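1. here is the input, now give the coordinates:
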Amino acid sequence: MKVEMNTKLRSALLVSAASASLLAAPTFAQAQTAGEGVDVGEIVVTGSRIRRDTFTSPQPLSVVSAEAIRESGNTSIGEILLDQPIINPATNGQNSSGTLFLAGQTRADIRGLGPTRTLVLMDNRRLPFSDASSPAVDLNTIPSLMVERIETIAGGVSAVYGSEAIAGVVNFIMKKEQDGLELDLQGGISERGDGEEGRYGFNWGKKFFDNKLSVLIGGEYANQDKIMQRDRDGMDPGIRRDTRLTPQPIIPASRANTSPYATFQLIGGALGTARAVTRDVRDNGLSIVRLSAACSTATVQPDCQDPSLFYSGPAYNALQGKSNRAVLRTYVQYDVTEHWNVFLDASYVKAGGYGIFQPAFSSALGGGTMPVVLRGDNAFLNGGGTTAQQLRAEWTAAGKTFTNTSTAQVGKFWQEFGGRDVKTEREQVRVAGGFNGKFQTFSRDVNVDGYVQYSQLDGTTTSYNVPNVARVQQATDAVVVNGQVVCRDVAARAAGCVPWDLVNGASREAILWTNAISATDQTVKQTVAGLNFATELFNLPAGPVGIAFGAEYRKEESLFVQDALGASGALFFNAIGTRGGEYTTKEIYGEIRIPILKDVPFAEELSVELAGRASDYSTIHGTDQYRLNVEWAPIKDIRFRATEATAVRAPNIVELYAPQSRNFTTAAIDPCDKDVFRGASAAQQAARRVTCAAAIPGYNPLTFVSNIGTGRSSLALLQGGNPDLGPEKAHTYQYGVVIQPRWVPGLSMSVDYFKYNITDSVSTIPINTLFGSLCYDDASQPYASNPFCAQIQRDATGTNGGAVVGGVIQAILVNQNVASTKVEGYDYSVSYGFHTEDVFGKDYGDIALRLDATWMYQFAQQGLPNQAYTQFANTITNATPEWKGNFSARWSYDKISLGWSTAYIGSMIISQVQQAGVLDPYKTGDYFRHDFRATYRYNDDITFRAGVINVFDKQPPYQPEIFTGTGTGSSQYDNRGRYFFVGANLNF
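-> Sure thing, here's the model as predicted:
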């Protein structure tokens, strides 16, 4: 029967690691060994199913205690993990509001390899996915007040736990019992008075029938309010690079060539020849203003600062999303005998999130999702009023006539509809039932546990203010018929079309006729059954040989359905359609731990562990993986450890079965663009003169301005699944040393080298790899016969959606097993804890110090086999800093505890595409965030806490690549600013 870690063990663990994880700051104990003289019983630690009598993990193990979770000041349990150097930001409170379906979610991402490669467990049991559109686990579905501790292992552990554990595993060990009622209340707010957060929870437990029946019930409600970019000094308005200069400096307080009212492109052409006018309602009512030449071009120019225009990002985008969740969990255990028990673990989650998006928009250069034109015979252009009169004067000056063949493209943010906000609602039920027991065979204790778990998630998303593209085009094309202003399209007129006045403003009726809502429904189901055994085979001179073995069955099902109108592509929205599928897997595994030497010269301990797993998937068929671990302690003070493992990840349902649909990206960079061309190497420029000329009529590398790139229109992608995908494969290595010198009690140090080689990753071809090395930088074959260039569709005339002659219409990408990743670096940890009386001879309390750091000097990705690797370590592109660390210090005396922590993110280069000397500044600079936390224990039942997160109000680096007017580019940094929180914990 599994023995849970009791208070005595936890205390011994944390003292031995000298982190005293009771620290309110989220410090992380590297679990090595329990304190001397402490009887820990037999336990199971994350990373192995073999039972052992010390808290020794076969791989580096980070631990966060329940106290650290409660006192951190975070309402989301995932935010606590982010301060671990081994965790990279993925979906979280800062960026989930910019997603269509994941608003309000927080996901774990070890080493930046992606949430789909980080396995999340609860009590060693796999948790269900939280979304059908992007399968991964939302950590907000876990009731944080019921967590006993969080154990995190970075490194391949698929041999123990199965698929998804390529990067590592996060295991939530939950409370199983409690005596009485516990209430916990917390609230917080930013210094600017926004971003309010609250969490209110309870736990109640009691034992019945002579302590045979244990009942625990707990739950919490948490909410988080939004923070808008426009409410942060320095982030509003946007900033950009001055591309006219080399190196390119930053232009602060920049505007863009966009308007929430309407911009009319009267004359096309390059800078100096283009002409546009806009409606201006700033001061004296509606009027027509002629824009400067810099603001009349296809893409915004550095010196475009016309006051009648604005930067859309700061106006509409959120730095922190709005979300709420309610979680209820119950755990019931009944001891049938001294050695056998049965349990029921059930939870219910209701969560909501709000995606915040800018309104629909049209480009003044045409193309894009919703191109709109103003025709010369437009009824409102030829109508009464000063504005129409002014616009007609400009129309005539541009050489246009008042006929339907004379047109001007309309650029506009359609704010009449409001923001394209998305409301996400999810309900999830999870029920697990099983048993734990112990029996004897051949005079050996055999521990056995088994369980069956079923979960189901049902969710809906409602996307508001996504206009019907055809109706907008029909309504804005207004003419006079028989003295009445009507829509030109007869069929639309019969369907109730209401004319839209582009000159003076739309009527409510026109807005209602063109507006639309799109909805999606999703269902995710998971069924898991497992049976595990652990025993000792026989004794060797160095100790017993321990083994664990078992089997697991799993079935994953998901269905995602979009409403018919949204799926048709008729709306200003992603046309996704219906996607769904299922797969099953049957697995067996085994582990063995062989103690070779113990308590002999130069071998205080020497042991070897082997683990293996074989799986049979209904989709990819058979896979296998193994792990080899060696531990050697020549003396008590030093322990060496080495691990080599293979791991796999089976493709998920979305990757396999998603239909081809349209998506968008703002990350694409066109190598043919004049500014990008200028920053290229000589070899790249030579190739592009050939390939770009073949792709773009009349191409001139000195003048061509693409329709895509930073601060420009998003690029349409045609993406989809592939049922013929195979498994991702990984080979991981870890070598480390732990030093705990007896002559310095409380001191612990560790260094661990890590290396991941991942191949056959499921991926589309990286968009800039497709544009760069695979197409325009490859002159070794004719452009017309290059299959990769065929995936890039350009507009030869500038009238078919590309906005300019040679503009990019879309790129075609599908999932393939094509990518590879290499990750390499070191993890460091130093901790020291002591009683002041032992050092100073007088009791001033206890002090705990800890420093954790990761040096990840390689994070290289290969888009296709045999292609060169691109280095992303230390670049803002993938938010993978080379150096990342966390320092914490805590002083505790009597009823008071004070803690200080510092999170560090090393300076990163801006771009691996642009060479040094092209951008100024080229690096982000080192970033430090300091937090202060305090607790006061009023008595044994009441504890108060308070703190300040980001004490010095440190803002993200002031560079457009981090926030370009569309929100903070990397959620590595805190964009909330100084934040205050208070809380209380009460026991009855």
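
2. now this protein, which segments are flagged as low pLDDT?
-> Residues of the chain that meet the criterion pLDDT under 70 lie in 1-46, 51-58, 257, 268-274, 279-286, 298-300, 313, 365-367, 711, 963-971.

3. can you pull out the helices in the stretch 101-250 of the chain?
-> Along the stretch 101-250 of the chain, the segments classed as helices by DSSP state H, counting those that start in this stretch run 158-161.

4. my read: V429 touches Q453, true?
-> No. V429 lies out of contact with Q453 (CB atoms under 8 Å); the separation is 11.2 Å. For the C-beta atoms, the positions are set from N, CA and C on the backbone; glycine is no exception.

5. okay, the two: which has more neighbours?
-> Neighbours around V429 and Q453, counted as other CB atoms under 10 Å, are more numerous at Q453. The numbers are 21 against 14.

6. P787 versus the more buried one, what's the distance?
-> Relative to P787, Q453 is positioned 45 Å away (CB to CB, to the nearest Å).

7. also M908?
-> Counting by CB to CB, the gap from M908 to P787 is 34 Å.

8. just read off the phi/psi values of A510.
-> A510 has phi and psi values of phi -70, psi -40 when expressed as degrees, to the nearest 10.

9. and it, how close does it get to E416?
-> Computed as CB to CB, the A510 to E416 distance reads 8 Å.

10. please apply the same query to K674.
-> As for K674, its distance to E416 is 36 Å (criterion: CB to CB).

11. go on, F380?
-> 15 Å.

12. please say which of K674 and E416 ends up with more neighbours.
-> E416 (21 against 15).

13. contact partners for that one?
-> Applying CB atoms under 8 Å, 6 or more residues apart in numbering to E416 gives the contacts G505, A506, I511.

14. tell me which of those fall in strands.
-> Among the contacts of E416, no member is found in strands (DSSP state E).

15. how far away is the residue lying farthest from the centre of the chain from A492?
-> What lies farthest from the middle of the chain is N482; by CA atoms, centre = their mean that is 57.0 Å. Distance, N482 to A492, by CB to CB: 17 Å.

16. go on, S308?
-> Going from S308 to A492 by CB to CB gives 32 Å.

17. list the contacts for I696?
-> Per CB under 8 Å, 6+ apart, neighbours of I696: C672, F704, R794, V805, G806.

18. need those residues in JSON lines with distance to K322 and secondary structure, can you?
-> As requested, the contacts of I696 are exported to JSON lines (distance: CB to CB, whole Å; DSSP: H, G, I helix; E, B strand; the rest coil):
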{"residue": "C672", "distance to K322": "41", "secondary structure": "coil"}
{"residue": "F704", "distance to K322": "42", "secondary structure": "coil"}
{"residue": "R794", "distance to K322": "40", "secondary structure": "strand"}
{"residue": "V805", "distance to K322": "43", "secondary structure": "coil"}
{"residue": "G806", "distance to K322": "41", "secondary structure": "coil"}
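
19. show me which of these is closest to A66.
-> Distance to A66, by CB to CB, is smallest for C672 among the contacts of I696, at 56.2 Å.

20. how many neighbouring residues does that closest one have?
-> 24.

21. just checking, it touches C692?
-> Yes. Using CB under 8 Å, C672 is in contact with C692, at 3.8 Å.

22. common neighbours of these two, please.
-> Common neighbours of C672 and C692, counting by CB under 8 Å, 6+ apart, are Y699, P701, F704, Y776.

23. the third one and I696, how far apart?
-> Going back to what we said before, that points to F704. Counting by CB to CB - F704 and I696 are separated by 7 Å.

24. any shared contact partners between those two?
-> Taking CB under 8 Å, 6+ apart as the contact rule, the neighbours common to F704 and I696 are C672, G806.

25. find the nearest non-adjacent residue to N757, please.
-> The shortest distance from N757 to any non-neighbouring residue, by CB to CB, 6 or more residues apart in numbering, is to H731 (4.6 Å).

26. next: G385.
-> Per CB to CB, 6+ apart, closest to G385 is N504, 6.2 Å.

27. list the buried residues of the top helix by length along the chain.
-> Using DSSP state H to define each element, the chain has its longest helix at helix 682-695. Buried positions in helix 682-695, judged by neighbour count with 16 or more other CB atoms under 10 Å: Q684, Q685, A687, R688, T691, C692, A694, A695.

28. who's in contact with D616?
-> Each residue near D616 by CB under 8 Å, 6+ apart is listed here: T585, K586, E587, G622.

29. and which of those residues is nearest P499?
-> Nearest to P499 out of those is T585 (CB to CB; 58.3 Å).

30. residues contacting the residue nearest to T902 when sequence neighbours are not counted?
-> Using CB to CB, 6+ apart and skipping the chain neighbours, the partner closest in space to T902 is F887 (4.6 Å). For F887, the contact set (CB under 8 Å, 6+ apart) comprises L849, R850, L851, S901, T902, Y904.

31. F887 is in what secondary structure piece?
-> Here F887 sits within strand 883-893, counting by DSSP states H and E.

32. strands paired with that strand, and their directions?
-> Its sheet considered, strand 883-893 pairs with strand 846-862 (antiparallel), strand 896-905 (antiparallel) by DSSP bridges.

33. from Q229, how far off is the spatially closest residue to I250 that is not a sequence neighbour?
-> In space, I250 comes closest to I239 once its chain neighbours are excluded; the distance is 5.6 Å by CB to CB, 6+ apart. Plainly put, I239 is 12 Å away from Q229 if you go by CB to CB.

34. of those two, who's got more company?
-> More crowded of I239 and Q229, by other CB under 10 Å: Q229, with 25 against 22.

35. quick one: that one and N317 touch, right?
-> Yes. With contact defined as CB under 8 Å, Q229 counts as touching N317 (4.9 Å).

36. quick one: Q456 and T523, what's the gap?
-> Between Q456 and T523 the computed distance is 7 Å (CB to CB).

37. go on, H339?
-> Distance from H339 to T523, counting by CB to CB: 40 Å.

38. same deal with T535?
-> Counting by CB to CB - T535 and T523 are separated by 40 Å.

39. neighbour-wise, which of M908 and P787 wins?
-> M908 (29 against 9).

40. could you pull up phi and psi at that one?
-> Main-chain torsions, M908, degrees, to the nearest 10: phi -120, psi 150.

41. and A351, what element?
-> Assigned by DSSP H and E, A351 falls in strand 340-355.

42. report the buried residues of stretch 720-732.
-> For stretch 720-732, a neighbour-count test (16+ other CB under 10 Å) marks G720, G721, N722, L725, G726, P727, E728, K729, A730, T732 as buried.

43. can you put those in a markdown table and add distance to G825?
-> Formatted as a markdown table, those follow (distance: CB to CB, whole Å):
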| residue | distance to G825 |
| --- | --- |
| G720 | 35 |
| G721 | 33 |
| N722 | 32 |
| L725 | 29 |
| G726 | 28 |
| P727 | 25 |
| E728 | 21 |
| K729 | 21 |
| A730 | 16 |
| T732 | 12 |
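
44. quick one: which of the residues you listed is nearest S831?
-> Nearest to S831, judged by CB to CB, of the buried residues of stretch 720-732 is T732 at 25.2 Å.

45. wait, the closest one touches V648, no?
-> No. The pair T732 / V648 is not scored as a contact, 11.7 Å apart, by CB under 8 Å.

46. which neighbours do these two share?
-> I166.

47. okay, and the beta partners of A478?
-> Beta bridges link A478 to C487 when assigned by DSSP bridges.

48. isn't it right next to Q484, touching?
-> No. At 10.3 Å, A478 does not count as touching Q484 under the criterion of CB under 8 Å.

49. out of the two, which sits in the busier spot?
-> A478 (27 against 9).
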